[in-house]
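In: quick one, what's the 3D model for this:
(chains A, B, C and D)
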Protein chains: 2
Amino acid sequence: MSGFGPDAPFLADCPARMAVELIADKWTVVVLYGLSQGPVRHGELAALIGGISRKMLTRTLRRLEAHGLVRRHAYAEVPPRVEYELTPLGATLIDPIHMLTEWARQNGDAVLDALDAAPGSATAGD
Amino acid sequence: MSGFGPDAPFLADCPARMAVELIADKWTVVVLYGLSQGPVRHGELAALIGGISRKMLTRTLRRLEAHGLVRRHAYAEVPPRVEYELTPLGATLIDPIHMLTEWARQNGDAVLDALDAAPGSATAGD
DNA sequence: CAGTATCCGCCCTGATACTG
DNA sequence: CAGTATCAGGGCGGATACTG
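Out: The predicted structure is shown next:
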(Lines give C-alpha, C1' and ligand atoms only; values in the text may rest on other atoms or scores of the structure.)
Protein backbone atom coordinates (compact mmCIF):
# COMPACT_ATOMS: atom_id res chain seq x y z
CA MET A 1 0.00 0.00 0.00
CA SER A 2 1.23 3.46 -0.77
CA GLY A 3 -0.42 6.55 0.66
CA PHE A 4 -1.70 6.50 4.20
CA GLY A 5 -2.66 10.04 5.06
CA PRO A 6 -5.91 11.94 5.57
CA ASP A 7 -5.30 13.90 2.43
CA ALA A 8 -4.72 10.84 0.29
CA PRO A 9 -6.71 8.12 2.01
CA PHE A 10 -5.19 4.73 1.52
CA LEU A 11 -6.96 2.76 -1.14
CA ALA A 12 -8.66 5.89 -2.38
CA ASP A 13 -6.82 6.25 -5.66
CA CYS A 14 -5.01 3.00 -5.24
CA PRO A 15 -5.55 0.08 -7.60
CA ALA A 16 -6.69 -2.03 -4.69
CA ARG A 17 -9.97 -0.18 -4.67
CA MET A 18 -10.47 -1.19 -8.26
CA ALA A 19 -9.84 -4.81 -7.43
CA VAL A 20 -12.39 -4.66 -4.67
CA GLU A 21 -14.98 -3.05 -6.88
CA LEU A 22 -14.20 -5.58 -9.53
CA ILE A 23 -15.05 -8.59 -7.41
CA ALA A 24 -17.28 -7.09 -4.76
CA ASP A 25 -20.55 -8.49 -5.96
CA LYS A 26 -22.52 -11.63 -5.50
CA TRP A 27 -21.28 -13.65 -8.46
CA THR A 28 -17.97 -12.47 -9.90
CA VAL A 29 -15.72 -14.59 -7.73
CA VAL A 30 -17.88 -17.64 -8.16
CA VAL A 31 -17.94 -17.26 -11.93
CA LEU A 32 -14.19 -16.80 -12.10
CA TYR A 33 -13.77 -19.89 -10.03
CA GLY A 34 -16.10 -21.77 -12.29
CA LEU A 35 -13.88 -20.91 -15.22
CA SER A 36 -10.68 -21.78 -13.41
CA GLN A 37 -10.53 -25.31 -14.75
CA GLY A 38 -10.84 -24.48 -18.42
CA PRO A 39 -13.34 -23.36 -21.06
CA VAL A 40 -16.96 -23.84 -20.06
CA ARG A 41 -20.20 -23.34 -21.90
CA HIS A 42 -22.83 -20.92 -20.75
CA GLY A 43 -25.30 -23.53 -19.60
CA GLU A 44 -22.62 -25.66 -18.04
CA LEU A 45 -21.44 -22.76 -16.00
CA ALA A 46 -24.92 -22.00 -14.80
CA ALA A 47 -25.44 -25.59 -13.69
CA LEU A 48 -22.01 -25.73 -12.18
CA ILE A 49 -22.54 -22.68 -10.04
CA GLY A 50 -26.14 -23.30 -9.16
CA GLY A 51 -28.61 -20.66 -8.13
CA ILE A 52 -27.47 -18.03 -10.58
CA SER A 53 -29.95 -16.64 -13.07
CA ARG A 54 -28.99 -16.50 -16.73
CA LYS A 55 -29.25 -12.77 -16.67
CA MET A 56 -26.76 -12.38 -13.88
CA LEU A 57 -24.46 -14.95 -15.37
CA THR A 58 -24.41 -13.14 -18.69
CA ARG A 59 -24.00 -9.78 -17.08
CA THR A 60 -21.13 -11.00 -14.93
CA LEU A 61 -19.42 -12.61 -17.88
CA ARG A 62 -19.83 -9.50 -20.00
CA ARG A 63 -18.34 -7.38 -17.31
CA LEU A 64 -15.40 -9.70 -16.84
CA GLU A 65 -14.96 -9.72 -20.58
CA ALA A 66 -14.86 -5.94 -20.67
CA HIS A 67 -12.24 -6.01 -17.94
CA GLY A 68 -10.13 -8.38 -19.96
CA LEU A 69 -10.44 -11.29 -17.58
CA VAL A 70 -12.64 -13.52 -19.69
CA ARG A 71 -12.76 -14.31 -23.37
CA ARG A 72 -15.91 -15.33 -25.19
CA HIS A 73 -15.93 -17.86 -28.01
CA ALA A 74 -19.10 -18.08 -30.07
CA TYR A 75 -19.19 -20.95 -32.54
CA ALA A 76 -21.32 -20.55 -35.65
CA GLU A 77 -23.25 -23.74 -35.10
CA VAL A 78 -26.79 -24.76 -34.56
CA PRO A 79 -27.74 -25.09 -31.86
CA PRO A 80 -25.53 -22.22 -30.75
CA ARG A 81 -22.51 -23.00 -28.67
CA VAL A 82 -20.65 -20.40 -26.67
CA GLU A 83 -17.68 -21.06 -24.51
CA TYR A 84 -16.05 -18.84 -21.96
CA GLU A 85 -12.54 -19.07 -20.71
CA LEU A 86 -10.18 -17.09 -18.57
CA THR A 87 -7.68 -14.88 -20.32
CA PRO A 88 -4.09 -15.07 -19.09
CA LEU A 89 -4.87 -11.94 -17.11
CA GLY A 90 -7.97 -13.50 -15.66
CA ALA A 91 -6.02 -16.60 -14.74
CA THR A 92 -3.78 -14.53 -12.53
CA LEU A 93 -6.78 -13.72 -10.37
CA ILE A 94 -7.32 -17.36 -9.53
CA ASP A 95 -4.51 -17.46 -7.01
CA PRO A 96 -5.84 -14.65 -4.84
CA ILE A 97 -9.31 -16.12 -5.09
CA HIS A 98 -7.99 -19.50 -4.14
CA MET A 99 -6.38 -17.99 -1.06
CA LEU A 100 -9.75 -16.65 -0.12
CA THR A 101 -11.55 -19.95 -0.51
CA GLU A 102 -8.77 -21.68 1.38
CA TRP A 103 -9.23 -19.23 4.18
CA ALA A 104 -12.92 -20.03 4.19
CA ARG A 105 -12.27 -23.75 4.36
CA GLN A 106 -10.06 -23.28 7.36
CA ASN A 107 -11.92 -20.56 9.21
CA GLY A 108 -15.48 -20.91 8.06
CA ASP A 109 -16.54 -22.76 11.18
CA ALA A 110 -14.98 -20.15 13.43
CA VAL A 111 -16.98 -17.45 11.69
CA LEU A 112 -20.16 -19.48 12.03
CA ASP A 113 -19.43 -20.00 15.71
CA ALA A 114 -18.89 -16.31 16.26
CA LEU A 115 -22.10 -15.60 14.41
CA ASP A 116 -23.80 -18.07 16.68
CA ALA A 117 -22.45 -16.51 19.83
CA ALA A 118 -23.30 -13.04 18.66
CA PRO A 119 -26.17 -11.26 20.41
CA GLY A 120 -29.45 -11.74 18.64
CA SER A 121 -28.88 -15.10 17.06
CA ALA A 122 -31.12 -18.01 17.98
CA THR A 123 -28.83 -20.76 16.77
CA ALA A 124 -29.14 -19.00 13.48
CA GLY A 125 -26.65 -19.19 10.66
CA ASP A 126 -26.16 -16.28 8.30
CA MET B 1 -12.81 -27.11 -3.71
CA SER B 2 -14.76 -30.26 -3.17
CA GLY B 3 -17.92 -31.07 -5.13
CA PHE B 4 -18.10 -30.22 -8.78
CA GLY B 5 -21.29 -31.77 -10.06
CA PRO B 6 -24.69 -30.51 -11.14
CA ASP B 7 -26.25 -32.08 -8.09
CA ALA B 8 -23.89 -30.41 -5.68
CA PRO B 9 -22.83 -27.26 -7.47
CA PHE B 10 -19.37 -26.22 -6.49
CA LEU B 11 -19.36 -23.45 -3.94
CA ALA B 12 -23.04 -24.01 -3.27
CA ASP B 13 -22.76 -25.44 0.23
CA CYS B 14 -19.07 -24.80 0.39
CA PRO B 15 -17.57 -22.36 2.89
CA ALA B 16 -16.11 -20.38 0.02
CA ARG B 17 -19.53 -18.97 -0.70
CA MET B 18 -19.65 -17.67 2.82
CA ALA B 19 -16.30 -15.98 2.41
CA VAL B 20 -17.50 -14.29 -0.72
CA GLU B 21 -20.70 -13.10 0.88
CA LEU B 22 -18.68 -11.92 3.82
CA ILE B 23 -16.50 -9.55 1.84
CA ALA B 24 -18.60 -8.94 -1.27
CA ASP B 25 -19.66 -5.41 -0.53
CA LYS B 26 -18.29 -1.98 -1.03
CA TRP B 27 -16.48 -1.48 2.26
CA THR B 28 -15.65 -4.68 4.11
CA VAL B 29 -12.28 -5.30 2.51
CA VAL B 30 -11.27 -1.67 2.82
CA VAL B 31 -12.21 -1.57 6.48
CA LEU B 32 -10.34 -4.76 7.23
CA TYR B 33 -7.34 -3.34 5.51
CA GLY B 34 -7.64 -0.17 7.51
CA LEU B 35 -7.44 -2.22 10.68
CA SER B 36 -4.54 -4.32 9.50
CA GLN B 37 -1.91 -2.15 11.11
CA GLY B 38 -3.34 -2.13 14.60
CA PRO B 39 -6.13 -0.64 16.69
CA VAL B 40 -7.78 2.39 15.16
CA ARG B 41 -10.41 4.78 16.40
CA HIS B 42 -13.70 5.23 14.66
CA GLY B 43 -12.98 8.69 13.29
CA GLU B 44 -9.44 7.78 12.39
CA LEU B 45 -10.68 4.89 10.35
CA ALA B 46 -13.19 7.05 8.53
CA ALA B 47 -10.52 9.59 7.63
CA LEU B 48 -8.09 6.86 6.72
CA ILE B 49 -10.45 5.23 4.30
CA GLY B 50 -11.99 8.35 2.92
CA GLY B 51 -15.37 8.54 1.28
CA ILE B 52 -17.14 6.24 3.67
CA SER B 53 -20.12 7.50 5.61
CA ARG B 54 -20.27 6.95 9.35
CA LYS B 55 -23.32 4.83 8.94
CA MET B 56 -21.66 2.42 6.56
CA LEU B 57 -18.51 2.36 8.63
CA THR B 58 -20.42 1.46 11.76
CA ARG B 59 -22.55 -1.07 9.96
CA THR B 60 -19.52 -2.73 8.42
CA LEU B 61 -17.71 -2.82 11.74
CA ARG B 62 -20.72 -4.26 13.52
CA ARG B 63 -21.06 -6.95 10.95
CA LEU B 64 -17.40 -7.85 11.15
CA GLU B 65 -17.72 -7.87 14.92
CA ALA B 66 -20.63 -10.29 14.72
CA HIS B 67 -18.57 -12.51 12.47
CA GLY B 68 -15.76 -12.53 14.98
CA LEU B 69 -13.29 -10.67 12.82
CA VAL B 70 -13.21 -7.41 14.71
CA ARG B 71 -13.24 -6.50 18.37
CA ARG B 72 -14.63 -3.27 19.73
CA HIS B 73 -13.15 -1.45 22.68
CA ALA B 74 -15.16 1.35 24.22
CA TYR B 75 -13.34 3.40 26.85
CA ALA B 76 -15.42 5.08 29.53
CA GLU B 77 -13.99 8.50 28.92
CA VAL B 78 -15.21 11.86 27.90
CA PRO B 79 -15.11 12.59 25.10
CA PRO B 80 -15.84 8.99 24.19
CA ARG B 81 -13.10 6.93 22.66
CA VAL B 82 -13.72 3.72 20.80
CA GLU B 83 -11.09 1.59 19.21
CA TYR B 84 -11.45 -1.27 16.81
CA GLU B 85 -8.95 -3.96 16.17
CA LEU B 86 -8.76 -7.20 14.30
CA THR B 87 -9.28 -10.39 16.25
CA PRO B 88 -6.76 -13.18 15.66
CA LEU B 89 -9.34 -14.66 13.33
CA GLY B 90 -9.76 -11.39 11.51
CA ALA B 91 -6.01 -11.05 11.17
CA THR B 92 -5.93 -14.29 9.21
CA LEU B 93 -8.00 -12.61 6.53
CA ILE B 94 -5.35 -10.00 5.90
CA ASP B 95 -3.17 -12.35 3.91
CA PRO B 96 -5.81 -13.22 1.31
CA ILE B 97 -6.79 -9.59 1.10
CA HIS B 98 -3.20 -8.59 0.68
CA MET B 99 -2.88 -11.04 -2.20
CA LEU B 100 -5.80 -9.32 -3.81
CA THR B 101 -4.38 -5.84 -3.44
CA GLU B 102 -1.03 -7.07 -4.68
CA TRP B 103 -2.76 -8.47 -7.72
CA ALA B 104 -4.35 -5.10 -8.28
CA ARG B 105 -1.02 -3.30 -8.04
CA GLN B 106 0.45 -5.57 -10.65
CA ASN B 107 -2.49 -5.95 -13.00
CA GLY B 108 -4.54 -2.86 -12.43
CA ASP B 109 -3.24 -1.15 -15.53
CA ALA B 110 -3.97 -4.16 -17.70
CA VAL B 111 -7.56 -4.13 -16.52
CA LEU B 112 -7.84 -0.42 -17.21
CA ASP B 113 -6.39 -0.95 -20.67
CA ALA B 114 -8.86 -3.69 -21.42
CA LEU B 115 -11.64 -1.48 -20.18
CA ASP B 116 -10.37 1.21 -22.48
CA ALA B 117 -10.26 -1.05 -25.50
CA ALA B 118 -13.69 -2.43 -24.74
CA PRO B 119 -16.55 -1.41 -27.06
CA GLY B 120 -18.42 1.59 -25.80
CA SER B 121 -15.73 3.31 -23.83
CA ALA B 122 -14.64 6.80 -24.81
CA THR B 123 -11.33 6.78 -22.98
CA ALA B 124 -13.46 6.16 -19.96
CA GLY B 125 -12.23 4.59 -16.76
CA ASP B 126 -14.50 2.52 -14.53
C1' DC C 1 -16.30 11.86 19.45
C1' DA C 2 -19.18 7.90 18.59
C1' DG C 3 -23.38 6.35 17.25
C1' DT C 4 -28.35 6.13 15.96
C1' DA C 5 -32.58 7.30 13.30
C1' DT C 6 -34.85 8.60 9.31
C1' DC C 7 -35.64 9.45 4.61
C1' DC C 8 -34.79 8.27 -0.04
C1' DG C 9 -32.65 7.17 -4.50
C1' DC C 10 -30.25 3.88 -7.02
C1' DC C 11 -28.99 -0.42 -8.67
C1' DC C 12 -28.44 -5.10 -7.84
C1' DT C 13 -30.96 -9.23 -8.29
C1' DG C 14 -34.49 -12.48 -9.58
C1' DA C 15 -38.65 -14.08 -12.33
C1' DT C 16 -40.77 -14.32 -16.45
C1' DA C 17 -41.46 -14.12 -21.26
C1' DC C 18 -39.58 -13.58 -25.61
C1' DT C 19 -36.01 -13.75 -29.82
C1' DG C 20 -32.39 -16.03 -33.01
C1' DC D 1 -28.81 -23.24 -26.40
C1' DA D 2 -27.64 -18.48 -25.72
C1' DG D 3 -29.21 -14.17 -24.89
C1' DT D 4 -32.28 -10.07 -24.30
C1' DA D 5 -36.29 -7.29 -22.49
C1' DT D 6 -39.21 -6.11 -19.07
C1' DC D 7 -41.18 -5.78 -14.57
C1' DA D 8 -40.88 -5.68 -9.62
C1' DG D 9 -38.73 -5.89 -5.15
C1' DG D 10 -35.20 -5.47 -1.60
C1' DG D 11 -31.36 -3.74 0.34
C1' DC D 12 -27.21 -1.12 -0.11
C1' DG D 13 -25.47 3.25 0.48
C1' DG D 14 -25.54 8.35 1.15
C1' DA D 15 -27.23 12.82 3.39
C1' DT D 16 -28.95 14.83 7.20
C1' DA D 17 -30.33 15.62 11.82
C1' DC D 18 -30.28 14.14 16.36
C1' DT D 19 -28.61 11.79 21.05
C1' DG D 20 -25.15 10.64 24.91
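
In: distance check, the residue in chain A that DNA strand C sits nearest to against B:R17.
Out: Per Cβ to the nearest atom of the strand, the residue of chain A with the smallest distance to DNA strand C is A:K26, at 3.1 Å. Every residue, glycine included, has its C-beta placed from N, CA and C. For A:K26, the distance to B:R17 equals 10 Å [Cβ to Cβ, to the nearest Å].

In: those two - which one has more neighbours?
Out: Between A:K26 and B:R17, counting by other Cβ atoms under 10 Å in any protein chain shown, B:R17 is the more crowded of the two (24 against 15).

In: touching chain B at all, stretch A:107-123?
Out: Yes: interface with chain B: stretch A:107-123 contributes A:107-115, A:117-118, A:121 (Cβ under 8 Å from any Cβ of the partner chain).

In: ok, now how distant is the residue nearest to A:M56 when sequence neighbours are not counted from DNA strand D?
Out: Spatial nearest neighbour of A:M56, excluding adjacent residues (Cβ to Cβ, 6 or more residues apart in numbering or on different chains): A:W27 at 5.6 Å. For A:W27, the distance to DNA strand D (Cβ to the nearest atom of the strand, to the nearest Å) stands at 14 Å.

In: list the contacts for A:W27?
Out: The contact partners of A:W27, by Cβ atoms under 8 Å, 6 or more residues apart in numbering or on different chains, come to A:49, A:52, A:56-57, A:60.

In: re earlier: can I get the buried part of the residues of stretch A:107-123 next to chain B as one PyMOL selection?
Out: Restricted to buried positions by 16 or more other Cβ atoms under 10 Å in any protein chain shown, the PyMOL selection for the residues of stretch A:107-123 next to chain B reads:
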select buried, chain A and resi 107+108+110+111+112+114+115
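
In: give me the subset of the residues of stretch A:107-123 next to chain B lying in helices.
Out: Among those, the members found in helices (DSSP state H) are A:107-115, A:117.

In: could I get the residues you listed as CSV with distance to DNA strand D and pLDDT?
Out: Below are these laid out as CSV (distance: Cβ to the nearest atom of the strand, whole Å; pLDDT from 0 to 100):
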residue, distance to DNA strand D, pLDDT
A:N107, 22, 93
A:G108, 20, 91
A:D109, 23, 90
A:A110, 22, 93
A:V111, 17, 93
A:L112, 18, 90
A:D113, 22, 91
A:A114, 18, 93
A:L115, 15, 89
A:A117, 21, 86
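
In: any chance of CSV for the residues you listed, columns distance to A:L64?
Out: Below are these laid out as CSV (distance: Cβ to Cβ, whole Å):
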residue, distance to A:L64
A:N107, 27
A:G108, 26
A:D109, 31
A:A110, 31
A:V111, 27
A:L112, 30
A:D113, 34
A:A114, 32
A:L115, 30
A:A117, 37
